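**Student:** A structural model of the following input is requested.
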Amino acid sequence: MTTMNYIPAISGAGKTNAAIVRVSSGIKNGRKSIIFQPTKKLNEATAARFSSELQNSDRITVVNGDAIEPSQTVVKTLHGIFNEPANSQVILTTFEAAVRAVRPNAGTWDAIIDEVIDVFSQSKATSRALKDRLLDHIEVHPIAGKGYSLVTIKNRSENALRDLCVDAIQDQALQAVSAPASGLLKGLRTHVSQRCYEAFANGSAKSLTFYHVLLPEAFENYRSCTIMGANFEDSMLFRIWSKLGVTFTSRDNFYGQKPLAKVHSEEIGKKTTIYYLVDHGTKKAKNDKQYGPIIAAEFRRAAQEIFKGKDFIYALNSTDDPHLMEGIPGAHNVSLKAHGINDYRNFHNAAFYAVINASADRVGFLHEQYGISKDECWNFLNKEYVYQFLCRTSLRDAPSANLEIEPKKFLVLSKQQAEYMQQKIPKSTLIKVTSKAIDAIPAPKTRGRKTLNGKAQSASDRTRKHRDLRDQERTKFLSGILSGESGYKEENNVAVFCNEITLDKGIRWWPYTIVGKLTGPIIGTLNLGSFSEVSEWLKGYSENEIKEKTQNTLFNLTEFATGNGIFVNRKRESVIGANAILLDMDSELNCDPIAFSKYLKGIEFICYSSFSSAKDRRRWRVVIPLSRPVTAVEYKKIASELLELCSDNGFPFDDKKKNANDIMYLPGIGRNPDAAFFEHVKGEGRGYLPVDFWLKGNAHEARKTSASVVGEVIDLAA
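**Tutor:** Got it, this is the predicted structure:
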């Protein structure tokens, strides 16, 4: 469907009555109509109004879930009416049925949508333990260039999802994953964040948000479709469906009828006063532990003083104190979403304490998919809710020549809400409630962009600045470890090599060395008892003369997975644990290893010359022992940060050597014997590189946790 009519008349202008007149006259000419309304209660009320218009009420069918036979469903009932000749010429049903209805023969029916539909919704799967009950039956299709992926039901999995929803009625635990299944079964277009989906699927995220959009296709195939709703142009339906290709045409009314009012009369406005409590009303302010109770108490006090015991309706958020207005004479609590409720049209007063948040995930999705900003989200939500609620009162009634207009008083939380209502009710009066307690609350920070050197910063600018500060803090912390100034201390008799540290599960790790040639098979493996033994083993090679570099032997200090105890391969996926970081200095800069030892004065290490090292062109290698074996991922993180720190301080090691499966040549006397050296740099407060301290620490936490880290090492070594 590409074209829809809409009637943007104000609430109370008589849109439903006009629809009844239109449909009733159409019945006489053999036309059929289906009317979609928000609630079952409205369907029943509208059916009663039709009965007074028509002599034969049998032509009207109300299709509510609890108004049909137990053996039937809404879908089956609608299908039967659409596809079989019947006396019904008017169907009254809910928005929910619009999605579920199977309508291949609906082309003879006119569709009327009474009130604006919420076309966007969210649901969550909140149980990692039960995630497979849902994820096994859906497919996720990444969209190129987008952070969100389309979700569909796998072939032949509809019954499984339907069973999940049915079982969730009896099993409360299944409700943690059933809501997204319900949205998919309704045929709503569903997306997830690809990043969040992957995190939830692998068990690292606790929940996954699904974003559902009701497509305009739900109203295809009808002879015509007309939407009746106040503030229609301010709705999310208007924005999203326009983006999806629907062309909307505004009409004053149904054909041949008197135009309906699009604005409230000035006569009513002159008798209407709108009070507000705060300039900036947000959920954050209401929920603030210090100031929230003050705002709530002042709103209650204002309601008592303004309404003075007269009847008024009020609405709260679900997170507000449900007893906030209890005990106030004339107070009547009404549902926040009050579409079509006319029970209070004899009331002239209302208090609206609710604020609808535009959450970050909602804004992120709507902005990327439909170009809707955060401010637009706030407007779509809050304007619609506050207007519809206040129109449950006598505000919805057109002025009558026979009756005097009663004064109307409305109390809302924020100035924004009050100003919007003043726009909708011309000539109304705006008054801020006087409150010394509210005035004493500090003003919130301005929403304007923060500036840097007089220039406004974008969100990406602020994110970049935050990351830069965080990286600077971590760099400072890591540099402190290398220099021995981080607060991390190890006693020489405790900070032993990892083979002597027993882990929690009682597994004993040993330095595991592989030895081989650049070409050809691995020669063998060695088990060395400590880093001192590693040093002695390497030093033994340092006195060997090497004629050609490629004739030398290669090694690393990593344990790999084996098959039947026999070494299989040196792939990164096979790494079980690496015991040391290997660095290779092969820079054109003539870097001094002695200067490096002064830079790395907090860490013990082995340093020896390379085959091509010369007095005027030093080439050397470094072996840094670790306080425990590390995985391939941990090795790469530590090595990457270490290489970057060293490079920033004048020691640009080969940045390609940052994987646990990298191998390096053994020491030896190379091309220039006078430039050969081997040194084990230890003592003077040096220790093994503290893995957990390195990986988890930051500049702030390091000062607090250094003592506990030392205690952990002592416990492991005990």
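**Student:** and stretch 109-128, end to end?
**Tutor:** 45 Å (CA to CA, to the nearest Å).
**Student:** buried stuff in it?
**Tutor:** 109-121, 123, 125-128 (16 or more other CB atoms under 10 Å). For every residue, glycine as well, the C-beta is placed using N, CA and C.
**Student:** so for that stretch, mean pLDDT?
**Tutor:** Averaged across stretch 109-128, the pLDDT comes to 90.
**Student:** wait, residue 620 touches residue 613, no?
**Tutor:** Yes. Here residue 620 reaches residue 613: they are 6.2 Å apart, a contact under CB atoms under 8 Å.
**Student:** could you pull up the mean pLDDT of stretch 155-163?
**Tutor:** On average, stretch 155-163 scores 91.
**Student:** check which helix or strand the closest residue to residue 399 other than its chain neighbours maps to.
**Tutor:** Nearest non-adjacent residue to residue 399, counting by CB to CB, 6 or more residues apart in numbering: residue 267, 4.9 Å away. Assigned by DSSP states H and E, residue 267 belongs to helix 266-270.
**Student:** dump that helix to PDB, restricted to CA.
**Tutor:** Extracted in PDB, the C-alpha atoms of helix 266-270 (Å, rounded to 0.1, in the frame of the first residue of the first chain):
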ATOM      1  CA  GLU A 266     -10.300  29.900  21.800                       C
ATOM      2  CA  GLU A 267     -13.400  30.000  24.000                       C
ATOM      3  CA  ILE A 268     -12.100  26.900  25.800                       C
ATOM      4  CA  GLY A 269      -8.600  28.200  25.900                       C
ATOM      5  CA  LYS A 270      -9.700  31.400  27.700                       C
END
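**Student:** what's next to that helix, contact-wise?
**Tutor:** For helix 266-270, contacts defined as CB atoms under 8 Å, 6 or more residues apart in numbering pick out 395, 399, 405, 408, 425, 426, 427, 428.
**Student:** ok, now with 7 Å
**Tutor:** 395, 399, 405, 425, 426, 427, 428 (CB atoms under 7 Å, 6 or more residues apart in numbering).
**Student:** any idea which of those residues is least confident?
**Tutor:** residue 399 (72).
**Student:** run a quick check on that one versus residue 405, I expect a contact.
**Tutor:** Yes. With contacts counted by CB atoms under 7 Å, residue 399 reaches residue 405, the gap being 5.5 Å.
**Student:** what about the two, which has more around it?
**Tutor:** residue 405 (17 against 14; other CB atoms under 10 Å).
**Student:** which SS class is that one?
**Tutor:** Secondary structure, DSSP: H, G, I helix; E, B strand; the rest coil: residue 405 is coil.
**Student:** try residue 273
**Tutor:** Assignment for residue 273 (three-state DSSP): strand.
**Student:** so which elements touch the longest helix belonging to the chain?
**Tutor:** The residue-count maximum for a helix in the chain (DSSP state H) belongs to helix 459-483. Here helix 459-483 touches helix 632-648, helix 691-696, helix 699-717, going by 3 or more CB pairs under 7 Å, 6 or more residues apart in numbering; DSSP states H and E.
**Student:** ok, 10 Å please
**Tutor:** strand 451-452, helix 593-599, helix 632-648, helix 691-696, helix 699-717 (3 or more CB pairs under 10 Å, 6 or more residues apart in numbering; DSSP states H and E).
**Student:** can you give me the buried ones in stretch 396-415?
**Tutor:** Those would be 396, 405, 408, 409, 410, 411, 412, 413, 414, 415, for stretch 396-415 by 16+ other CB under 10 Å.
**Student:** send me that stretch as CSV with only the CA atoms.
**Tutor:** Presented in CSV, the C-alpha positions along stretch 396-415 are these (Å, rounded to 0.1, in the frame of the first residue of the first chain):
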residue,chain,number,x,y,z
ARG,A,396,-12.5,17.0,24.5
ASP,A,397,-16.0,18.6,24.4
ALA,A,398,-16.8,21.3,21.9
PRO,A,399,-18.3,24.4,23.4
SER,A,400,-22.1,24.5,23.4
ALA,A,401,-24.3,27.6,23.0
ASN,A,402,-26.5,26.3,25.7
LEU,A,403,-23.9,25.6,28.4
GLU,A,404,-21.3,27.8,30.0
ILE,A,405,-17.7,26.5,29.7
GLU,A,406,-16.4,25.3,32.9
PRO,A,407,-12.9,26.5,34.0
LYS,A,408,-10.2,23.9,33.4
LYS,A,409,-7.0,23.4,35.3
PHE,A,410,-4.2,21.2,34.2
LEU,A,411,-1.0,20.5,36.2
VAL,A,412,2.0,19.0,34.3
LEU,A,413,5.6,18.4,35.4
SER,A,414,7.7,20.4,33.0
LYS,A,415,7.6,23.7,31.1
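**Student:** if we can go back for a sec, the contacts of helix 266-270 in helices, which ones?
**Tutor:** Using DSSP H, none of these sit in helices.
**Student:** filter the residues you listed to the buried ones?
**Tutor:** 395, 405, 425, 428.
**Student:** ok, the last one to residue 218 distance?
**Tutor:** Relative to residue 218, residue 428 is positioned 37 Å away (CB to CB, to the nearest Å).
**Student:** who does the helix or strand hosting residue 350 touch, helix- and strand-wise?
**Tutor:** Here residue 350 is covered by strand 349-352, with elements defined by DSSP H and E. On a contact count with 3+ CB pairs under 10 Å, 6+ apart, strand 349-352 meets strand 272-278, helix 292-307, strand 312-315, strand 331-333, helix 374-390, strand 408-414, helix 415-424.
**Student:** no further queries at this time; thank you.
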